[in-house]
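Visitor: predicted model follows, preceded by the sequence.
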Amino acid sequence: MRNQLPIPVRNLFINDIRPRLQWNHNGGYCGEVSMISAGLYFGQYLSQFDVRSIASGGAPQNAYDRAEKEYTSQLLLGTKNAVAAADKLCLDYET
C-alpha cells in the first residue's frame, strides 16, 4: 500500500445541518440532496422535485433517454446542469 497524503484543503466549511434522506426513485437524488443541503445552510428550502425541475429545465421527473440508458431530468454534480442550477438558486460555487 502506498503512503497516502492528506487531501489539501484551501477552505473548510462545516455544514451543521442534519443529513437528508435521499430518495432512490427516479434514478436517485444525490445531486438534488447536495444542492438542498447547501441551500438549507443559508436558509433556502426547495423540495427535491423542485431542485430537479430547475436543473433539468422543467423536464418531466422521470424523463429517460433510452439510447443513453439514463435519466435526463437528474441534477448531476460536476456537470453543466449543476452549474446552471446553482446559478438559478443563487449559490456560489467553484468548478
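Guide: Okay, I see it.

Visitor: where exactly do the strands run in this protein?
Guide: Listed in chain order, the strands of the chain (DSSP state E) span 64-65, 70-71.

Visitor: and of those, who's closest to Arg20?
Guide: Arg20 lies closest, by CB to CB, to one member of the strands of the chain: strand 70-71, at 19.5 Å. C-beta: built from backbone N, CA, C; applies to glycine.

Visitor: give the contact list for the closest residue to Arg20 other than its chain neighbours.
Guide: In space, and not counting its chain neighbours, Arg20 is closest to Val33: 5.1 Å by CB to CB, 6 or more residues apart in numbering. By CB atoms under 8 Å, 6 or more residues apart in numbering, the residues touching Val33 are Arg20, Gln22, Gln48.

Visitor: pull the longest helix from the chain.
Guide: The single longest helix within the chain, with elements called by DSSP state H, is helix 30-41.

Visitor: report the buried residues of that helix.
Guide: Across helix 30-41, burial judged by 16 or more other CB atoms under 10 Å covers Gly31, Glu32, Val33, Ser34, Met35, Ile36, Ala38, Gly39.

Visitor: measure the residue nearest to Arg20 to Tyr71 for me?
Guide: Distance from Val33 to Tyr71, counting by CB to CB, to the nearest Å: 15 Å.

Visitor: and the contacts of Val33, which are buried?
Guide: With burial judged by 16+ other CB under 10 Å, the buried subset of the contacts of Val33 is Gln48.
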